[in-house]
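>>> Output the structure for:
(2 chains)
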Amino acid sequence: MRVAEFVMAICLAVFSVAIMWMSTDLPIGWIKGSGPGGGAFPFWLSAGMLVCCAWIILRWYRRTSPPARSTEPFMTEHGFKLFLIGAGSLTVMIGAIHFVGVYVAVPLFLLFYMRVLGRHSWLLCAAVAIVTPVVIFFFFEIALTITLPKGVTEPAFYPLYDIFL
Amino acid sequence: METLHFLTDGFLVAFQPLNLMLVVLGCVAGLFIGAMPGLGSVNGVAILLPMTFLVPPTGAIIFLAALYYGAMYGGAISSIMLGIPGASTAVATTFDGRPLALQGKADRALVAAATASFVGGTISVVLFTFFAPPLADAALAFGPPEEFALMLLAFATFIGLGGDDIPKTFFSIFIGLVLSTVGLDIVSGKPRLIFFDLPGFYHGINFLVLAIGIYGIGEMLWVIEHTKGKMIVTAAKISVHGILTAIGELKGSIKPMLMGSFLGYFVGILPAAGATPGSLMAYGVAKTMSKDPDSFGKGNVDGVVAPEAANNAASTGSMLPMLTLGIPGSPTTAILLGGMVIWGLEPGPMLFVNEKEFVWGLIASLYAANLFALLINLAFIPAFLMVLRLPFTILAPIIYILCVVGGYAPTQDMHDVWLMLIFGVVGYLMRKLDYPLAPAVLAIVLGPLAEASVRQSLIMSHGSMLVFFERPISAVITLAALALLLAPLLKFVRRGAARPAAG
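This next block holds a predicted model:
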C-alpha cells in the first residue's frame, strides 16, 4: 500500500506536469481586452494538481496519511487476479468491437464471463448471450437510431435494416 | 398560492400516461439497483442516463429522479437482509437493521425503512416545493461572480465537510476541472489539451464518460473485489397483517422520523454532504435523542427509521440547488445536471422561467415517485429478495455491457469507450488509495460553467480578483467558501500547536 501510494502520486505528478506543459500551447497570461488566455485555466489547475501531488508525497514521507502507514498489500493476489480478469476481459471486448462489432463481441464476453468465471449452466449462458444483443439491437438501433459499431459483420445487418429502418 | 397553481400544472404533466409509466419504471429500476449490494442511485443514474435519450427531457428526468428515489428505498433492503449496504447511503441502516433481521424481525425493519423513507421523502418534497421558487427568484439576479462564488462554495464543502484526505480531495477537484477544459477553448475556439493528437479529444471529454467510467466500470471492479465471500440472505416472512402491525408499532418512532427528515433535507442541500453523511448524522442524533441509547446497534427500530428518513430527504434536498442554482447537491444530481445539458436545457434559475413544464413536472413527479416507491417496495419485497441472490457473475458482465454501449451512445465514438475504460480502471486504483472521486465528477460537470464565469468575471473587473468580494452576495458566498477551505487548515495548525504541549 505504501509503495502504491508513492507510485500513484508520482504518476499523477508527471501527468500534472504534462498538462501544464501542454497548456502553454495557448496563452496562459492575460490578453488585453479579452481576459485570461485559453491556456490559463488548465495551466493553473494542473499547477494545483502538482502542488497536491507534492503534498501527498510529503504526507507519504512523514507517514501521516492512512495508505502511507498501511502495511497491507495494495492488492491481494486473489484481488489482483479478479482485477486482471475483469479489466482484461473488458479491454479485449472493447478491442474486439473494432473488428467484429458489438454483436459478436458482446455475446462472447457474456459467454466467457458467465461460463468460465461464473460456471453457470450452458442453457442460462446461451439465453443471456442471445437475449442481451437482441435487446441492445432493438433499443439502440431501432428505438434510438444509434448505429453501434459492427466491424466486419456489417453486411449481415443489411437485411435487418431493410426490415426495421 | 402561485406555487400551488404551478404544482397543479406540474401534476398534469406528471400524470400524463408516458410520464406516469416512467415514474413507475424508474421506481422499479431504482429499487432493484438500490437493492443490489454496492450499486446505488449514482451508479444507476450514470449507467442508465444514455437510455433516456428515447423519451423527451421531461420524461427523462422524471424517470431518473424516480430511479434516484427508488434506489434510496432499495438500499435498505440489502442493508437489512444481507448486512451489506445496498448503497453507501444505506450504511447507517445496517447498524440496527441487520440485528433486527437476525432476531427474526426482518419484516418490521423493512416496513420501518419503507415507511420512514416515505415520510422523509414527503416532508422534503413539500419543503422543496416551497423553498425552490423563492430561491430561484433570488438566483435570477446572480451574475458571473456570484455563479463562480457558488461553485467555489460547492467545491469548498468537499474540503471542509467531505472528511476525505484533503490534498487528495483538492486533487480530485482539480483533475475534474482540467478534464473539462479538454477540447476547444470557449473563448478563442482554439484546440487545447489534445492528448497524443487524437481527434477524439476535439469534442472534449463528455462528463458521462467519466461518470460511467467511475460509477459503472470502476464501481463493478470495486464491488467484485469487496464481496468475494458468500452472502447469507436472512429469511423474511411478509404478510399483510405483519405489515399493518409493523406500521402500527412505528408510532413510537415518529420523533426520529421527523428529525431525520429535516436533518436529511438540509444536509442534502450541501454539495459534499448528501445522503450518506445525512443518514449517518441522523443515526447519531437519533441515538443521543433516545431514552435508551444502549439499545442502538442491537436492533432498535429508531436506528432504522432515522437514517432511512434522512437519506430520502437528502436526495430531494440535493435537487434544490441543482434546479434553482445549477449547482448539484450530490454526485447523482451532478450527473442529472450534465444530463440536462445534453437534453438542451440550461440549468440554473432560468429554468423556473423558461421551462416551467419541466421543473414543475419534475417536482410533481417526486410526490408520485415517493408514493409508488413505497407501494412497489412493500408489495414486491420477495422479488427484491431474489435480486440479492442474483450472482455477480451474471450481473457484472451485463452492467459492463450497459456501460460500454451507454458510453458509446452519446457521441458515437469508440474513442470515448476507451477513455471510459481508462477512467474506470485508474479511478478504481485511485479509490483504493482513498482518493475521493465524487468531487471530480462534480468538477467535470461544473468545469465549463466555472471557467466561463471566472473569465467573464475577470473581464468585468479588468483582471482584478477583488470582483468576487465587491458584490455583496458573491462576497458572502466567497467568504463562506474560504472559511470552509481554511477550516481543516486551522484544525491542522491547532493540532500542530497542541502536539508539543501534549508531548
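>>> I'd guessed B:Leu179 sits against B:Ile205; true?
Yes - if you go by CB atoms under 8 Å, B:Leu179 and B:Ile205 touch, sitting 5.1 Å apart. In this view, the C-beta of every residue, glycine as well, is placed from N, C-alpha and C.
>>> need the strands for the chain, in chain order.
Just so you know, I chose chain A. A:30-31, A:35-36 (DSSP state E).
>>> ah, I was thinking of chain B
Under DSSP E, chain B gives strands at B:183-184, B:191-192.
>>> what about the last one, near chain A?
I take that to be strand B:191-192. Yes - using CB under 8 Å from any CB of the partner chain, strand B:191-192 reaches chain A at B:Arg192.
>>> can you check the first one too?
No - legend: contact between strand B:183-184 and chain A by CB under 8 Å from any CB is lacking; minimum distance shown is 9.0 Å.
>>> Which other helices and strands does that strand contact?
Using 3 or more CB pairs under 8 Å, 6 or more residues apart in numbering or on different chains; DSSP states H and E as the contact definition, the elements that strand B:183-184 packs against are strand B:191-192.
>>> Which strands or helices does the strand it packs on pack on?
strand B:183-184.
>>> What pairs with the strand it packs on, parallel or antiparallel?
As defined by DSSP bridges, the strand partners of strand B:183-184 come to strand B:191-192 (antiparallel).
>>> Name the surrounding residues that touch the partner strand.
Contact with strand B:191-192 is made by A:22-23, A:25-26, A:38-39, A:42, B:181-185, B:201-202, as judged by CB atoms under 8 Å, 6 or more residues apart in numbering or on different chains.
>>> just how off-centre is that strand within its chain?
Offset of strand B:191-192 from its chain centre (CA atoms, centre = their mean, to the nearest Å): 32 Å.
>>> Output the strands of chain B in TSV, with mean pLDDT and mean neighbour count appended to each entry.
Listed next are the strands of chain B as TSV, based on pLDDT from 0 to 100; neighbours: other CB atoms under 10 Å in any protein chain shown:
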stretch	mean pLDDT	mean neighbour count
strand B:183-184	82	18
strand B:191-192	82	18
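>>> Those strands: which one's closest to A:Tyr61?
Proximity to A:Tyr61 (CB to CB) singles out strand B:191-192 among those, at 33.9 Å.
>>> picking up where we left off before, what touches both of B:Leu179 and B:Ile205?
B:Ile444.
>>> Low-confidence regions, chain A specifically.
Along chain A, segments meeting pLDDT under 70 span A:32-34, A:165.
>>> Next up, the contacts around whichever residue of chain B sits closest to chain A.
Chain A sits closest to B:Thr393 of chain B, with a gap of 2.7 Å, by CB to the nearest CB. Contacts for B:Thr393 were tallied using CB under 8 Å, 6+ apart; they are A:113-114, A:117-120.
>>> related to what we said a few turns ago, what about the strands of chain B, which gets the closest to B:Leu258?
strand B:183-184 (47.7 Å).
>>> How many residues are close by A:Trp55?
Residues near A:Trp55, counting by other CB atoms under 10 Å in any protein chain shown, number 18.
>>> distance of it from chain B?
Distance, A:Trp55 to chain B, using CB to the nearest CB, to the nearest Å: 4 Å.
>>> Over to A:Ser16?
In terms of CB to the nearest CB, A:Ser16 sits 8 Å off from chain B.
>>> Contact partners for that residue?
Residues near A:Ser16 by CB under 8 Å, 6+ apart: A:46-47, A:49-50, A:53.
>>> Which one of the residues you listed is nearest to B:Gly121?
A:Met49 (39.1 Å).
>>> one step back: in CSV, list the contacts of strand B:191-192 along with distance to B:Asp294.
Converted to CSV, those look like this (distance: CB to CB, whole Å):
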residue, distance to B:Asp294
A:Met22, 59
A:Ser23, 58
A:Asp25, 64
A:Leu26, 63
A:Gly38, 62
A:Gly39, 60
A:Pro42, 55
B:Thr181, 54
B:Val182, 55
B:Gly183, 57
B:Leu184, 62
B:Asp185, 61
B:Phe201, 58
B:Tyr202, 62
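>>> Please identify which of those residues is nearest to B:Ile254.
B:Thr181 (50.2 Å).
>>> All good on my end, thank you.
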